[in-house]
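No sequence on hand, only this structure:
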């Protein structure tokens, strides 16, 4: 029992990573209906951008996040028309086409990364990675890593900003209109193409920053992509595809399940449990935890 | 018209039967065997993806269940290969029945990801069980006869292809499936039972995949969770189907041959540039989606074809959310 | 319609025109099956560097001397794509298409087990310079050899060294990733710890690639003297970062292969220091040899010059695999191309190999559970000290005293 607070904290910290992996991804699905198989590769590329930028400038990587965001947001913005082309035009099964297209992209990115960045694992050095807080109260004690805490704050900040953007700005109104009904939104004067491009840019930028953060907390390698893609998928499905508000809850749930299995139950069963629980939830509530998925 | 096509298929099949008589090189025969295997995996994948519109990211699970069932029966229980492989197919079929009952209610992306989760769960299960050897995998008795495996694989995939052709292109079953794919509610109104039809297609896809897995296990003599239950089978089958042309029988065959030939040629002669292969493959896949939305078959002359995809005919679509004018709740 | 099928068939056959090898040649064709792409590409490329370096050194010396003539070697690579079945296909291609004389084997144990029956079938000898799973040798493949002792042999030695430190660790938390090599490592750690009288408080096999921070939190509460982990490169880096983040410093932290990889120190900086590991060779180990490289530092320098990356024991073991073939070929005076009868002789010669190399003594077991694995080496316990790999045990090989107990993370 004395480990309970620690188990919760570790789970929440893990969940924070899942939030930032999945939130942009969920937004893009809601607006563009594309399942982006390359999400893990955007994360990986962003991570390497942060790694090399830090090596070059020696600036604390936390402070490099905005620069990484800016660069990748532009990349995403410029990329979107290509994805738009795949999804539109009268071809069958746009969802599938988007999936296969981004699957191809992910292979390309991974191959290119292995060519240019090599096979080895790296770590983004940050002064935050060193510290931790130790709290003790009665029989309970827990350690909170400062870099993970920074990750949590970052995740909450991103969630907050996205929430504000969507609910309180004209841009957000356009995005929501688009997600609800594309044709009607078009009639009301929402520029579908441009709004989608902005959304895709935001998503790629967030994913890239996430990569830097993962490089600080965990590690970085050219082949890491698929490991994160699969969790992005799972969180988003659990939250309900395209239902942004469900992402934090779903992410925390996954993180806490993992943490509890590792601490209290047989660690060997952790991933089995994660997949099995995800599967079961989908069966009980096919549109995610809250039944609000698209 | 249709009988002429059947004649064509039979002719090609007969020609492939003669391959071992001409090709004495054991390595080439191995390559041909693997090519036939991938044809089989692509065709079985397409039954679900193309004919019902359900994207099964857990296709590798059926392959792995078949491989492991066969291996366990042969190694732990001392069974002969043939009944073990057949039971491997049955196990995959039962797996499909159990998994399909709840998952086939899901739609579009949910189905794809649920099946992916299921495949991963099975992989994890195999990793922690003792009877499967865990991460160490299983070694089967080595029976290294290239001809034997070529014929077994060819016979298996040939039977599967002709059975599918009959069921999907000649019998009403194929039309019913397409009706469900295009409009499930409409199909219901016509008195069809979509759930039952989808389940039949799911099992139809799983059983041959399981047997192929069993043959694969005996053929390569060693299986482990990463190679038989990883994403390779699902991913590659998907790529082959999309590249060749989805929702047809010939499309996956052509896609499998072209992708596999390219992959193998690159591997055999340019092994030092293996990473380049991944980049090129990625570019080919992405490019084919942009420029060949109906696959390679879609650009070939349309002579004498009725059911194949054409620019006017769309591929499977209605089950999944549409890009234009989607009706979302979120 | 038929056109489509024909097109496809032609495409399939076009690439398949076999290359006929010339029967008479004055060099050895050496096949290499290893993981150049896929999940295990990191390790596969380490073996490639080892094999390349051997071939380069042999050819620079004029070739392998047989009966007063020198025969150069030429490597023929085939990628196993980190996939056992592809490895089997690769071996079959090298043997039947390229007609290689012998094979240098894969990085991973899984691929090796799938390749072994193929080389057995064609009676082509193979030496793997890397695979470490004890399972390979239990299969008793006649044509398969390995230069690195199995991990249950090497892992145990590290625990024995640690048990000899003072104050000796009394308790341990041991766990491993769920892959063949890591699981075997963790099990070797566990049984050796029990033998050494170290109490194992917690032993777990965990799914590969996970964030293990929660598990480390649980370990922290148990406060063991020793934390031992079997895993691969990236997992080791993540694990040290986890311990750092929850601020838990055990008295000793033991891992295995991967600690000696340059990426480990590069990624972790000063946090990498004082980590213990197991190895069978280091760049500074005292060895003496008459073949190609006279000792470990000479080899390490040559490797550094060629690849600009420090050599680890897998790379050295891979180069040593080439040397083992070289020695056996010279002994039976085999000239290329090697006939099947001569290859059977080669097996006998390999079984008789007992030679000092820059990598240490190479001698393959001819019976028992280590059948055809190299049992000539002493397993070493190493520690990262000041960013360098230093041998700290067993006593007669030690280059420095073990730094023990570990300095707390925040006092570094």
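That came in fine, so what should we check first? No experiment lies behind these values; they were computed from the predicted model shown.

Is residue A:109 located within a helix, as I assumed?
Yes. Remark: residue A:109 belongs to a helix, assigned using DSSP: H, G, I helix; E, B strand; the rest coil.

shaky segments in the stretch 201-330 of chain B?
In the predicted model, the stretch 201-330 of chain B carries pLDDT under 70 at residues B:271-272, B:274, B:300-330.

Could you do chain A as well?
Using pLDDT under 70 as the threshold, the predicted model of chain A has low-confidence ranges A:1, A:89-92, A:294.

Contact partners for residue 236?
Reading this off chain A. When contacts are counted by C-beta atoms under 8 Å, 6 or more residues apart in numbering or on different chains, residue A:236 touches A:22, A:25, A:26, A:29, A:242, A:247, A:250. Any C-beta I mention is one placed from the backbone N, CA and C, and that applies to glycine too.

could you do chain C instead?
By C-beta under 8 Å, 6+ apart, the contact set of residue C:236 is C:229, C:255, C:258, C:259, C:264.

If I look at it, what pLDDT would I see?
According to the model's per-residue confidence, residue C:236 sits at a pLDDT of 90.

swap in residue C:246?
Confidence per residue is given as pLDDT, and for residue C:246 that number is 85.

Which strand or helix spans the closest residue to it other than its chain neighbours?
If the residues on either side of it in the chain are set aside, residue C:246 comes closest to residue A:143, at 4.5 Å by C-beta to C-beta, 6 or more residues apart in numbering or on different chains. Using DSSP states H and E, the secondary-structure element containing residue A:143 is strand A:140-145.

likewise residue C:28?
Remark: residue C:28 resides in strand C:27-34, with elements defined by DSSP H and E.

For that strand, which strands pair with it and how are they oriented?
In the sheet containing strand C:27-34, the strands it pairs with under DSSP bridges are strand C:69-79 (parallel), strand C:102-104 (parallel).

Now residue B:11: which helix or strand?
If you go by DSSP H and E, residue B:11 is part of helix B:2-17.

show me where the stretch 1-150 of chain A has strands.
A:132-137, A:140-145 (DSSP state E, counting those that start in this stretch).

How many neighbouring residues does residue 55 have?
In the absence of a named chain, chain A is used. When neighbours are defined as other C-beta atoms under 10 Å in any protein chain shown, residue A:55 has 11 of them.

that answer is for a different chain, and I need it for chain B
Per other C-beta under 10 Å, the neighbour tally for residue B:55 reads 31.

just to revisit the earlier point, just want the angle from the strand holding residue A:143 to strand A:132-137.
Orientation of strand A:140-145 against strand A:132-137 (axes from the mean of the first three to the mean of the last three C-alpha atoms, to 10 degrees) gives an angle of 170 degrees.

Would you agree residue C:134 is in contact with residue C:151?
Yes. Using C-beta atoms under 8 Å as the test, residue C:134 is close enough to residue C:151 to be in contact (6.8 Å).

Looking at these two, which is more packed in?
Between residue C:134 and residue C:151, counted using other C-beta under 10 Å, residue C:151 has the larger neighbour count: 28 against 20.

Residue C:57 is in contact with residue C:302, correct?
Yes. Contact status for residue C:302 versus residue C:57: in contact at 7.1 Å, counting by C-beta under 8 Å.

Sounds good, over and out.
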